[in-house]
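Participant: Predicted model, plus sequence, below.
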Amino acid sequence: MGLSKTIWTNPTEFLRNQQPENPVLFFSPSALQAAARRFIDGFPGMVTYAVKSNPGEEVIENLAAAGVRGYDCASAFEIDLIRRLAPDAAIHYNNPVRARAEIQHAVEKGVKSYSVDSKSELAKLIELVPAQDTEISVRFKLPVAGAAYNFGAKFGATAELATELLATVAAAGFIPSLTFHPGTQCTDPAAWETYIRTAAEIARNAGVTIARLNVGGGFPSHRLTGVIPQLEATFALIDRVATEAFGDNRPLLVCEPGRALCGDAFTLAARVKALRDDTHVFLNDGVYGTLTELPLIGVIDRIEVLSPEGNRRKGEAQGRIVFGPTCDSVDRLPGEVMLPSDIAEGDYVIVQGMGAYSTVTNSRFNGFGDVAMATVLSLKV
Ligand SMILES: *Cc1c(COP(=O)(O)O)cnc(C)c1O
């Protein structure tokens, strides 16, 4: 992925001038910084960034410049990336399962916050991590709906196990905290309420006053026309419920959004390679490229189509089957995608809200995936 040296006005200007054959992701630093400021101004606690959602150096640098002081890392690579780009930032190593070598690496890099969801992994942390000034956050899960898919399927202790783990963390001399993740693209704020009230119960049952409560990522980005994320309402709910549930023992709050910070800062332009017999659209990007997430969490409908000259196609919207470029039949966007009836070979399909889980999951399967990046002042086409 090559970084363009020039800053373009908007995607349209770039496409008209360059007519790229390969997919392009347009990055707006100002959109990213605005998202960061929205969280920093609105969230009632510390804002950290889930690096996995988009670990691009330009992303980390702009978030750091906007005032993000903490990063949720899941691997040695991500820890080293943050130490290099934001040396003074806090690192929260919130992948609850780690190899011993990974734990040792984190200790060497001065990581002071770890999450855990099992007895065996807690035993490893107690053995390998010095307790002094170090937080262990017990991650718990609940069977609550509201997110695009179930995050509890892999990580998170039951409330009962979390109670036991939290007591062990405190007894071992670590700073005891709790953490959860309501599930990605969680559009139902009520999910946070249930989790926060349960966190207070876990702390009470364990007889532990927790230092911090990390309310996860899961905050939605803007994927569907007319479904605009109401982040401030969710922040207000989190603030109110934390006070109600914990009273005088209210912990400091932390959030670790990924998608909600980086999602709306990138826009994809994928080119129409072919309209097969005037029916199926074949794009030069697909589910093995930057559109990996669509079959998992649904289509983004914030789509416009431009001619190669940069003129907007205005035909009536009609549903079409859209395939990616590889020879695998799985490489298809879910359902039918609404596209203007006058879409033609060589056009550009512009998809907004493509910053999260796109650059990182792009693969070179079948030799595709050569995605370029261009910096723009505005993402509006
Ligand atoms: C992936 C992840 C996040 C970010 O999730 P989003 O849905 O992108 O906000 C936050 N915390 C943890 C522990 C994660 O694994």
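Facilitator: It's in.
Participant: just checking, what packs against the lengthiest strand in the chain?
Facilitator: Ranked by number of residues, the top strand in the chain under DSSP state E is strand 266-276. The contact analysis (3 or more C-beta pairs under 8 Å, 6 or more residues apart in numbering; DSSP states H and E) places strand 266-276 against helix 11-18, strand 24-27, strand 280-283, strand 348-351. Bear in mind the C-beta positions are built from the backbone N, C-alpha and C, glycine included.
Participant: among these, which is nearest Gly173?
Facilitator: With C-beta to C-beta as the criterion, Gly173 lies closest to strand 24-27 of the helices and strands packed on strand 266-276, at 43.9 Å.
Participant: Within the sheet, what are the partner strands of that closest one, with directions?
Facilitator: Strand pairing for strand 24-27, using DSSP bridges, gives strand 266-276 (antiparallel), strand 372-376 (parallel).
Participant: tilt between the shortest one and helix 11-18?
Facilitator: Counting by axes from the mean of the first three to the mean of the last three C-alpha atoms, to 10 degrees, strand 372-376 lies at 130 degrees to helix 11-18.
Participant: And the contacts of stretch 116-136?
Facilitator: Under the contact criterion C-beta atoms under 8 Å, 6 or more residues apart in numbering, stretch 116-136 has outside partners 96-98, 100, 103-104, 106-107, 112-115, 137-141, 155-157, 161-162, 164-165, 168-169, 172-177, 211-212.
Participant: Among the residues you listed, which are located in helices?
Facilitator: When those are checked against helices (DSSP state H), the matches are Arg100, Ile103, Gln104, Ala106, Val107, Leu161, Ala162, Glu164, Leu165, Thr168, Val169.
Participant: Buried ones in the strand or helix carrying Glu201, by neighbour count?
Facilitator: For Glu201, the host element (DSSP states H and E) is helix 190-206. Neighbour-count burial for helix 190-206 flags 191-200, 202-203, 206 (criterion: 16 or more other C-beta atoms under 10 Å).
Participant: Make a markdown table out of those and add distance to Ser30 and pLDDT.
Facilitator: Shown next, in a markdown table, are the buried residues of helix 190-206 (distance: C-beta to C-beta, whole Å; pLDDT from 0 to 100):
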| residue | distance to Ser30 | pLDDT |
| --- | --- | --- |
| Ala191 | 30 | 94 |
| Trp192 | 28 | 97 |
| Glu193 | 33 | 97 |
| Thr194 | 36 | 96 |
| Tyr195 | 33 | 97 |
| Ile196 | 33 | 98 |
| Arg197 | 38 | 98 |
| Thr198 | 38 | 98 |
| Ala199 | 35 | 98 |
| Ala200 | 39 | 98 |
| Ile202 | 41 | 98 |
| Ala203 | 40 | 98 |
| Ala206 | 44 | 98 |
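Participant: Just want the residue of the stretch 251-381 of the chain that's nearest the ligand.
Facilitator: Nearest to the ligand in the stretch 251-381 of the chain, going by C-beta to the nearest ligand atom, is Gly258, at a distance of 2.8 Å.
Participant: Check whether that residue really touches Tyr49, as I assumed.
Facilitator: Yes: the pair Gly258 and Tyr49 passes the contact test of C-beta atoms under 8 Å, sitting 6.9 Å apart.
Participant: can you list the residues of the stretch 251-381 of the chain near the ligand?
Facilitator: Residues of the stretch 251-381 of the chain lying close to the ligand by C-beta under 6 Å from any ligand atom are Glu256, Pro257, Gly258, Arg259, Ala260, Ala356.
Participant: Could you rerun that using 8 Å?
Facilitator: Taking C-beta under 8 Å from any ligand atom as the contact definition, the stretch 251-381 of the chain meets the ligand at Glu256, Pro257, Gly258, Arg259, Ala260, Leu261, Gly263, Ala356, Tyr357.
Participant: Same question for the stretch 1-150 of the chain.
Facilitator: Close to the ligand, as judged by C-beta under 8 Å from any ligand atom, the stretch 1-150 of the chain has residues Ala50, Lys52, Ser53, Asp72, Ala74, Asn94, Asn95, Ser115, Arg139, Ala147.
Participant: that older thread, which one of the strands paired with strand 24-27 is the most hemmed in?
Facilitator: Among the strands paired with strand 24-27, ranked by average contacts under mean count of other C-beta atoms under 10 Å, first place goes to strand 266-276 (a mean of 22).
Participant: so for that strand, what's the average pLDDT?
Facilitator: For strand 266-276, mean pLDDT is 98.
Participant: residues in contact with that strand?
Facilitator: 11, 14-15, 20-28, 54, 281-285, 290-291, 306, 325, 343-355, 358-359, 376, 379, 381.
Participant: tell me the most buried of the helices and strands packed on strand 266-276?
Facilitator: Using mean count of other C-beta under 10 Å, strand 24-27 ranks as the most buried of these, with a mean of 27.
Participant: For whichever helix or strand comes after it, C-alpha coordinates in PDB please.
Facilitator: Per DSSP H and E, the first helix or strand lying C-terminal to strand 24-27 is helix 29-42. Provided in PDB are the C-alpha atoms of helix 29-42 (Å, rounded to 0.1, in the frame of the first residue of the first chain):
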ATOM      1  CA  PRO A  29      -6.900  13.000   8.600                       C
ATOM      2  CA  SER A  30      -9.400  15.700   9.600                       C
ATOM      3  CA  ALA A  31     -12.300  13.200   9.700                       C
ATOM      4  CA  LEU A  32     -10.200  10.900  11.900                       C
ATOM      5  CA  GLN A  33      -9.200  13.700  14.300                       C
ATOM      6  CA  ALA A  34     -12.800  14.900  14.500                       C
ATOM      7  CA  ALA A  35     -13.900  11.400  15.500                       C
ATOM      8  CA  ALA A  36     -11.100  11.300  18.200                       C
ATOM      9  CA  ARG A  37     -12.200  14.700  19.600                       C
ATOM     10  CA  ARG A  38     -15.800  13.600  19.700                       C
ATOM     11  CA  PHE A  39     -14.800  10.800  22.000                       C
ATOM     12  CA  ILE A  40     -12.400  12.800  24.000                       C
ATOM     13  CA  ASP A  41     -14.900  15.600  24.600                       C
ATOM     14  CA  GLY A  42     -17.900  13.300  25.100                       C
END
